[in-house]
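A.B. asks: Whatever this is, show me its structure:
(chains A, B, C, D, E and F)
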Number of protein chains: 4
Amino acid sequence: MSDSIRPPARQRRKEARPQELTAAALSLFVEKGFAATRLDDIAERAGVSKGTLYLYFESKDALFKAVIQEGIVSALHAGEALFDEYDDPLDLLRTILQGWWDRIGNTELGGIPKLMMSEARNFPDVAAYYQQEVLQRGTALLRKAVMRGIERGVFRQVDADAICSVLIAPLVYRAMWRQSFGPACGQETDTAQYLRTYFDLILNGLLTGVSGGAAR
Amino acid sequence: MSDSIRPPARQRRKEARPQELTAAALSLFVEKGFAATRLDDIAERAGVSKGTLYLYFESKDALFKAVIQEGIVSALHAGEALFDEYDDPLDLLRTILQGWWDRIGNTELGGIPKLMMSEARNFPDVAAYYQQEVLQRGTALLRKAVMRGIERGVFRQVDADAICSVLIAPLVYRAMWRQSFGPACGQETDTAQYLRTYFDLILNGLLTGVSGGAAR
Amino acid sequence: MSDSIRPPARQRRKEARPQELTAAALSLFVEKGFAATRLDDIAERAGVSKGTLYLYFESKDALFKAVIQEGIVSALHAGEALFDEYDDPLDLLRTILQGWWDRIGNTELGGIPKLMMSEARNFPDVAAYYQQEVLQRGTALLRKAVMRGIERGVFRQVDADAICSVLIAPLVYRAMWRQSFGPACGQETDTAQYLRTYFDLILNGLLTGVSGGAAR
Amino acid sequence: MSDSIRPPARQRRKEARPQELTAAALSLFVEKGFAATRLDDIAERAGVSKGTLYLYFESKDALFKAVIQEGIVSALHAGEALFDEYDDPLDLLRTILQGWWDRIGNTELGGIPKLMMSEARNFPDVAAYYQQEVLQRGTALLRKAVMRGIERGVFRQVDADAICSVLIAPLVYRAMWRQSFGPACGQETDTAQYLRTYFDLILNGLLTGVSGGAAR
DNA sequence: AATGAATGAGTTTTCATTCAT
DNA sequence: AATGAATGAAAACTCATTCAT
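C.D. replies: Just a heads-up that it's a prediction; the model follows:
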């Protein structure tokens, strides 16, 4: 509707289209679920006509896959910055987890886990891909931090694979909560307290008896 | 199909029908989501005709609500047995959490959290009810155990409300996982290890320095 | 449900059933139309179960036909008393028309014309039968009175066939009105005035100039 | 939206669609009644697919209301031309009544009264609207002609309100008849005679003794 | 590239009819 | 004779997809 004046405007628009569309689709898929979201609604939210969607995506399924793909790429991109910046295992672990929350769980990207969990069995191939590219990778990253802590005797001897799943669960769960019950309950407020308590619990749970008050 | 000894067969059927139907609906709703589940499929799985569903539920929405209601009732029933059997806060907490897993998370009832999370924003009234009757109640139960532990100096001073949400998260998350990614990945196997690690982490995280090896 | 005490009770019930059913059906067919009336509703109004209807009528169509048949028989029965009781053509005509209103138009039977008109094209055979047995007969009766009046010079020379249709129209139309718009509008009240004006008009219209004030 | 000079073919279609659809619906509703008419049939008669109906009307009920609305608008439009063209009360009255027959009763619009009467109790709000906008208005128009005749001493002293209902009844009844029994009986032919006799009767019935042969 | 009217297959819902009790 | 649970064919309604413009 409002393309005008500067030539770059249209150009930029054209190239940005797919992401505008997947962004609109993501928010609706997360809100209503894949099947309950109508292409009309996505088109409307994106400010285009329904037919336009088919210029960029072959089908509703293809759009879903693009949404997830887009989300994964963004997430990995958001995650890259976290590697190897800290030497101290405690700081590293805390940074990774807090970073996940800040850059994924607490952003629009935080809808992806909810969406993926809801639709996993309807899109097994996408689920497998997600599992591999996101969950595995994320776990591997965490694992390095945990292993380092154990090796240095800062962390207790725990099963490294299992602990990664346990550690991330409260964060992912909270992210999913925000996307489902959150909008109804106004309980967004005590998220800070939730995170503080979370870190207090897991760091005390991980650390060897040496240091008492690990979390703050 | 199964006519036998006493109850008039037809009679028994009539009374058992609603639960047969909600059971069939639950498994399909959990698997595919509400919108993607066809009433035909539910009817087929329950071994009745499509019309029969409307004898017991006036719409697909009403069926959804009945499924949740049924699930909540069952869950509360399953939860009742856990109260006040133990004096030791540690045992009590462990029993509650393990009990949740054994009687809910690890059974068909474990699908309810996934379903409810997926559909919360499509059924805000049901979500509010669920939030109140299940989540609040469950939290209150946990809270009692935590408080007792803190009062006796067995648990560290933590925010009782927040810790409850954090403590239950890994279990609920795991239950939801079983219903989504689980069927594809064969990773059900290490659930025992997951639980062991989970208890090890949280109990070490909760206990005061006094006793070293809380988890086993 | 309520069979008891005296043997005749059940007996009478049994024989009266068909009419109880057609009576219930008539009122609902007239109210909602044939297609929009559910057998459940008819059964409920008649105080029997849906299955019972099929003990007496082969199908919904058969029930419709029975309703009309029943209505026609009653109407003819109601009409029989009107013949040849008066010698004076004016009185005879007035008696016939007023009699039709009192015994048909203004009773439950008055719903038949509305029903028949609504459904004529869905039940051509019934319509033909109705046309022949009711409309033709009624017209023939009226015709005799009109002819007598013309022959005696009391009525003007008019087309006997056409005038019969014209004369009955305001009464039938009013009867149909009562069954459709009537219940909503409270205008039932001025029916007396309607009839008075009707008779005033048609009798003045029919009579030769001889007598001035025919209607009252 | 509106580029270019005259009608871009597609464009014209789009605007004409609603009326094409209501026209198809009207004829089928009149023939079979509302409930017995399938949307498939309407679509087929209009030469569109079933889905197209929902592009223009949000439900079958809404379509019904549009049909009536459309019919009323057309009828009022058809009726406008009749006002105040004649000074002589006799000519005016005759013109109004004959005009109703020619422009409404004897056209497709003549189905509206039958349809409305059949469905009045299923659509009370529509019936009330029809009652007010059509029947009241029409009556008011007639009333003016009657009053003028009475004031000038051309018509006898009659109840103006009641006479209007009585006068119009044979015409409306005949119009409804054409839509119901008519198609079966071939009696369309003597409509001319019916009208002649009708006018002969009512005009003689209305006029003061002065002039003898009012109708022709 | 973009539109949005049109489609028709697919889904929910209704209800006449059947039949075991 | 009577019931009412169960059925399934048919109807209303939805929406992903197509295509003329």
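
A.B. asks: can we go C-alpha only for contacts and neighbour counts from here?
C.D. replies: Fine.

A.B. asks: what secondary structure does residue A:183 sit in?
C.D. replies: Here residue A:183 is coil, with the state taken from DSSP: H, G, I helix; E, B strand; the rest coil.

A.B. asks: Do you know the pLDDT at it?
C.D. replies: pLDDT for residue A:183: 82.

A.B. asks: Ignoring the adjacent residues along the chain, who's closest to it?
C.D. replies: Using C-alpha to C-alpha, 6 or more residues apart in numbering or on different chains and skipping residues adjacent in sequence, the residue nearest residue A:183 is residue B:121, 8.0 Å away.

A.B. asks: For the one you found, give me the pLDDT.
C.D. replies: In this prediction, residue B:121 carries a pLDDT score of 97.

A.B. asks: Just read off the phi/psi values of it.
C.D. replies: Note on residue B:121: its backbone torsions stand at phi -80, psi -10 [degrees, to the nearest 10].

A.B. asks: Hmm, residue A:181 and it touching each other?
C.D. replies: Yes - with contact taken as C-alpha atoms under 8 Å, residue B:121 and residue A:181 are classed as touching, separated by 7.2 Å.

A.B. asks: Flag the shaky bits of chain A, pLDDT-wise.
C.D. replies: Applying pLDDT under 70 to chain A picks out residues A:1-14, A:83-85, A:186-189, A:209-216.

A.B. asks: would you list every one of the helices in it?
C.D. replies: Counting by DSSP state H, chain A has helices at residues A:7-32, A:39-46, A:50-56, A:60-80, A:89-100, A:111-119, A:124-130, A:137-151, A:160-179, A:191-206.

A.B. asks: what's in contact with stretch A:171-184?
C.D. replies: Residues lying outside stretch A:171-184 but in contact with it, judged by C-alpha atoms under 8 Å, 6 or more residues apart in numbering or on different chains, are A:30-31, A:97, A:101, A:105-106, A:110-111, A:113-114, A:188, B:117-121, B:124, B:127-128, B:131, B:169-170, B:173.

A.B. asks: residues in contact with the closest residue in space to residue A:26 that isn't next to it in sequence?
C.D. replies: On the basis of C-alpha to C-alpha, 6+ apart, the spatially nearest residue to residue A:26 that is not a chain neighbour turns out to be residue A:67, at 6.1 Å. Under the criterion of C-alpha under 8 Å, 6+ apart, the contact partners of residue A:67 comprise A:22-23, A:25-26.

A.B. asks: a markdown table for these, including neighbour count?
C.D. replies: Supplementary listing: the contacts of residue A:67 in a markdown table, determined by neighbours: other C-alpha atoms under 10 Å in any protein chain shown:
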| residue | neighbour count |
| --- | --- |
| A:22 | 25 |
| A:23 | 20 |
| A:25 | 26 |
| A:26 | 26 |
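
A.B. asks: Looking at these, which is nearest chain C?
C.D. replies: Closest to chain C out of the contacts of residue A:67 is residue A:25 (42.2 Å), distances taken as C-alpha to the nearest C-alpha.

A.B. asks: and the nearest residue to the closest one once chain neighbours are set aside, how far is that from residue A:49?
C.D. replies: Once flanking residues are discounted, residue A:25 sits nearest to residue A:42: 5.5 Å by C-alpha to C-alpha, 6+ apart. Computed as C-alpha to C-alpha, to the nearest Å, the residue A:42 to residue A:49 distance reads 9 Å.

A.B. asks: who has more neighbours, these two?
C.D. replies: Neighbour comparison, residue A:42 and residue A:49: the larger count goes to residue A:42, with 23 against 15 (by other C-alpha atoms under 10 Å in any protein chain shown).

A.B. asks: is it true that the more buried one touches residue A:23?
C.D. replies: No - with contact taken as C-alpha under 8 Å, residue A:42 and residue A:23 are classed as non-touching, separated by 9.2 Å.

A.B. asks: circling back to that earlier point, to DNA strand E, which of the helices of chain A lies closest?
C.D. replies: Closest to DNA strand E of those, according to C-alpha to the nearest atom of the strand: helix A:50-56, at 3.3 Å.

A.B. asks: just to revisit the earlier point, name the residues contacting each of residue B:121 and residue A:181.
C.D. replies: Looking at what touches both residue B:121 and residue A:181 (by C-alpha under 8 Å, 6+ apart), the common residues are residue B:127.

A.B. asks: quick one, what contacts residue A:64?
C.D. replies: The contact partners of residue A:64, taken as C-alpha under 8 Å, 6+ apart, are A:25, A:34.

A.B. asks: now residue A:106, nearest residue through space, not along the chain?
C.D. replies: For residue A:106, ignoring the flanking residues on the chain, the nearest one in space by C-alpha to C-alpha, 6+ apart is residue A:175 at 6.6 Å.

A.B. asks: Just give me the neighbour total for that neighbour.
C.D. replies: Counted with other C-alpha under 10 Å, the burial measure for residue A:175 works out to 24 neighbours.

A.B. asks: Kindly report the same for residue A:27.
C.D. replies: The criterion is other C-alpha under 10 Å. On that basis, residue A:27 has 20 neighbouring residues.

A.B. asks: Then the one 5 residues further on?
C.D. replies: Other residues within reach of residue A:32 by the criterion other C-alpha under 10 Å amount to 20.

A.B. asks: got a list of what the residue of chain A found nearest chain C touches?
C.D. replies: Of chain A, the residue with the smallest distance to chain C, taken as C-alpha to the nearest C-alpha, is residue A:36 at 32.1 Å. Residues near residue A:36 by C-alpha under 8 Å, 6+ apart: A:29, B:35-36.

A.B. asks: again, but for residue A:118
C.D. replies: Taking C-alpha under 8 Å, 6+ apart as the definition, contacts of residue A:118 comprise A:33, B:32-33, B:114-115, B:118, B:180.

A.B. asks: redo that, cut-off 7 Å
C.D. replies: Residue A:118 makes contact with B:33, B:118, B:180, according to C-alpha atoms under 7 Å, 6 or more residues apart in numbering or on different chains.

A.B. asks: Can you narrow those residues down to the ones near DNA strand F?
C.D. replies: When contact is defined as C-alpha under 7 Å from any atom of the strand, those do not meet DNA strand F at all.

A.B. asks: separation between residue A:16 and residue B:153?
C.D. replies: As for residue A:16, its distance to residue B:153 is 58 Å (criterion: C-alpha to C-alpha).

A.B. asks: now swap in residue A:177 and tell me
C.D. replies: Here the distance between residue A:177 and residue B:153 works out to 32 Å (C-alpha to C-alpha).

A.B. asks: Of those two, which one has the most company?
C.D. replies: With neighbours defined as other C-alpha under 10 Å, residue A:177 and residue B:153 compare such that residue A:177 has more, 19 against 13.

A.B. asks: and the gap between residue A:99 and DNA strand F?
C.D. replies: Relative to DNA strand F, residue A:99 is positioned 35 Å away (C-alpha to the nearest atom of the strand, to the nearest Å).

A.B. asks: tally of neighbours for that residue?
C.D. replies: As a burial measure, the neighbour count of residue A:99 was computed by other C-alpha under 10 Å and equals 17.

A.B. asks: Name the nearest residue to it, ignoring sequence neighbours.
C.D. replies: residue A:82 is the one closest to residue A:99 (C-alpha to C-alpha, 6+ apart), at 7.2 Å.

A.B. asks: ok, so of the contacts of residue A:36, who is nearest residue D:158?
C.D. replies: residue B:35 (66.5 Å; C-alpha to C-alpha).
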